[in-house]
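Chemist: need a 3D model of the sequence below.
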Amino acid sequence: MTRTYPFHQVDVFSAKPLKGNPLAVVCDADDWSDEEMAAFANWTNLSETTFLMKPTVADADYRVRIFTPTGELPFAGHPTLGTCHVYRSHSGNTHKSEIVQQCEAGLIKIRVTGEKLAFAAPPLRKFGPVDPTSVSQVAAALGLAPELILDTSWTDNGPGWLSLLLRSRADVLAIEPDFVALGGFKVGVVAQCRAEDGIDADFEVRAFSDRVEDPVTGSLNAGLAQWLIGAGLAPETYVASQGTALGRAGRVSVDRIGEDIWIGGQVTTLIEGKITL
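Modeler: Model prediction:
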């Protein structure tokens, strides 16, 4: 017997199609096995594929499982916003200003403001200066001279991010990573933009993991925001650019409101259809 499921592919962190980070979303996936989810995510070959389900706890609006082509993630940023966008359209639940997502990392709050969605940055699992040996390996793999690195910190909220603050946006964009030398590190790189950069953003960001560069990364930007704002290196409200080196134009909004830091952006639906298994 064949089974059919609604399917969406969306572009996250961009109001302009094809300029953000794509995400595949399977709806009504409650009867999918772990093996089927893993196989389908491997088949789509996108950085993440999500499976939208009914919640299993009272406080959540929906549940999501998040898979890369090689395994499951407890949390990821652009899948959170993309899945929420699909949930709102698929369920017709578009009146709420705050939605609660259940995922393997727990409950994640998502704010709805006009066309923008934003999630509350989850707590960091690992934070603080990076050991010199790791910094040396990562710097060599990215071709960075020591004087270009202003500061370092672990910004791990699940994926394992190690982050470097660089001297300039030009230094960030000039990186040509050696993924073999990078080994198993997942690395975020950030620099403050200057007026002469002529860009509508305050910071430029790049993300390197699993032998690829990610176009726009919600979890990394969440960790960076907690580090930079907490250390007084960034204002409480700013916009980050990501994806420039890949021909994308991702824009990530960061807003500290009370004790929460909200990571937001727009989501555009590009493909709607059905899956038959």
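Chemist: kindly state the beta-bridge partners for Ser153.
Modeler: Under DSSP bridges, the beta-bridge partners of Ser153 are Ser163.
Chemist: what pLDDT does it get?
Modeler: Predicted confidence (pLDDT) for Ser153: 98.
Chemist: make sure it is actually in contact with Phe127.
Modeler: Yes. If you go by C-beta atoms under 8 Å, Ser153 and Phe127 touch, sitting 6.6 Å apart. For the C-beta atoms, the positions are set from N, CA and C on the backbone; glycine is no exception.
Chemist: where is the longest strand in the protein?
Modeler: strand 260-276 (DSSP state E).
Chemist: could you give the mean pLDDT of that one?
Modeler: Mean predicted confidence for strand 260-276 is 97.
Chemist: and for stretch 52-64?
Modeler: Averaging pLDDT residue by residue across stretch 52-64 gives 97.
Chemist: how about stretch 84-100?
Modeler: 95.
Chemist: and the end-to-end length of that stretch?
Modeler: Stretch 84-100 has an end-to-end distance of 9 Å (criterion: C-alpha to C-alpha, to the nearest Å).
Chemist: show me which residues of it are buried.
Modeler: 84-90, 99-100 (16 or more other C-beta atoms under 10 Å).
Chemist: one step back: Ser153 and Phe127: which has the busier surroundings?
Modeler: Ser153 (25 against 15; other C-beta atoms under 10 Å).
Chemist: quick one: contacts for that one?
Modeler: 127-130, 163, 165, 227, 231 (C-beta atoms under 8 Å, 6 or more residues apart in numbering).
Chemist: identify the farthest-apart pair in the buried residues of stretch 84-100.
Modeler: Ser89 and Val100 (17.5 Å; C-beta to C-beta).
Chemist: tell me the mean pLDDT for stretch 203-218?
Modeler: The model assigns stretch 203-218 a mean pLDDT of 95.
Chemist: that one spans what distance, first to last residue?
Modeler: 14 Å.
Chemist: cool, and stretch 146-163?
Modeler: Start-to-end, stretch 146-163 (C-alpha to C-alpha) is 14 Å.
Chemist: ok now it, how far from the chain's centre?
Modeler: 16 Å (C-alpha atoms, centre = their mean, to the nearest Å).
Chemist: and that stretch, what's buried?
Modeler: Buried-residue list, stretch 146-163, by 16+ other C-beta under 10 Å: 148-149, 152-163.
Chemist: got CSV for the residues you listed, with distance to Trp43 too?
Modeler: Putting the buried residues of stretch 146-163 into CSV (distance: C-beta to C-beta, whole Å) gives the following:
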residue, distance to Trp43
Leu148, 40
Ile149, 39
Thr152, 37
Ser153, 36
Trp154, 33
Thr155, 31
Asp156, 29
Asn157, 28
Gly158, 24
Pro159, 22
Gly160, 25
Trp161, 27
Leu162, 30
Ser163, 32
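Chemist: now Glu196: phi and psi?
Modeler: Main-chain torsions, Glu196, degrees, to the nearest 10: phi -70, psi -10.
Chemist: what's around it, how many residues?
Modeler: With other C-beta under 10 Å as criterion, Glu196 counts 9.
Chemist: isn't Asp11 up against Gly265?
Modeler: No. Using C-beta under 8 Å, Asp11 is not in contact with Gly265; the gap is 10.1 Å.
Chemist: quick check: neighbours shared by the two?
Modeler: Gly20.
Chemist: what helix or strand is Phe51 on?
Modeler: strand 49-53 (DSSP states H and E).
Chemist: same check, this time on Val172
Modeler: Val172 belongs to helix 169-173, assigned by DSSP H and E.
Chemist: what's the next secondary structure element after that helix?
Modeler: Taking DSSP H and E, what comes next after helix 169-173 is helix 179-182.
Chemist: export that following helix as PDB, just CAs?
Modeler: Taking C-alpha atoms only, helix 179-182 is exported to PDB below (Å, rounded to 0.1, in the frame of the first residue of the first chain):
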ATOM      1  CA  PHE A 179      37.900  20.800   4.800                       C
ATOM      2  CA  VAL A 180      40.200  17.800   5.200                       C
ATOM      3  CA  ALA A 181      42.500  19.700   7.500                       C
ATOM      4  CA  LEU A 182      39.500  21.100   9.400                       C
END
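Chemist: and that helix, what other elements does it pack with?
Modeler: Under the contact definition 3 or more C-beta pairs under 8 Å, 6 or more residues apart in numbering; DSSP states H and E, helix 179-182 sits against helix 132-142.
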